[in-house]
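# Predicted model, plus sequence, below.
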Amino acid sequence: MKTCLLITAAALLIAFGTASADKDDHGQRLRAAVASGQIVPLKSLLDRIEADYVGQVLEVELDDDDDQLIYEIDFLTPAGAKIEFEFDATNGRLLKSKGHGLEAARRQ
């Protein structure tokens, strides 16, 4: 029984260590892509959103969806509505914007 627990614990440590190393490697690749200009700087997209909409950024993710890098940006309007924006990270093109209060949050 003790041997079984030790083997299970060792297997978990190896699995989590590998996942952590893969995540670190993925992060390094993304940072390198930003530094080399392969990915649009996040600041430029945030500036565009803040120029067009009233509110504040809640969360940003850079996802690798089917070999396409996508910035997913969650935005909170003054009315408390959540808006989601998706941008192609390689060229900055807006792919999708959705959420209640999208038009109401648009700057005039």
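Thanks, I have the structure now.
# quick one: the strands in this structure?
Remark: strands assigned in the chain by DSSP state E are 56-65, 68-76, 82-88, 94-98.
# Could you give me the buried positions within the longest one?
By that I understand strand 56-65. Going by neighbour count (16 or more other Cβ atoms under 10 Å), the buried part of strand 56-65 is residue 62. Glycine gets a C-beta too; all of them are placed from N, C-alpha and C.
# Please tabulate the strands of the chain in TSV, including the columns distance to residue 42 and mean pLDDT.
As requested, those are exported to TSV (distance: least, Cβ to Cβ, whole Å; pLDDT from 0 to 100):
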stretch	distance to residue 42	mean pLDDT
strand 56-65	6	90
strand 68-76	7	94
strand 82-88	9	96
strand 94-98	14	96
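# Pipe those into JSON lines and attach distance to residue 28 per row.
Shown next, in JSON lines, are the strands of the chain (distance: least, Cβ to Cβ, whole Å):
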{"stretch": "strand 56-65", "distance to residue 28": "13"}
{"stretch": "strand 68-76", "distance to residue 28": "15"}
{"stretch": "strand 82-88", "distance to residue 28": "22"}
{"stretch": "strand 94-98", "distance to residue 28": "25"}
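# No further questions, thank you.
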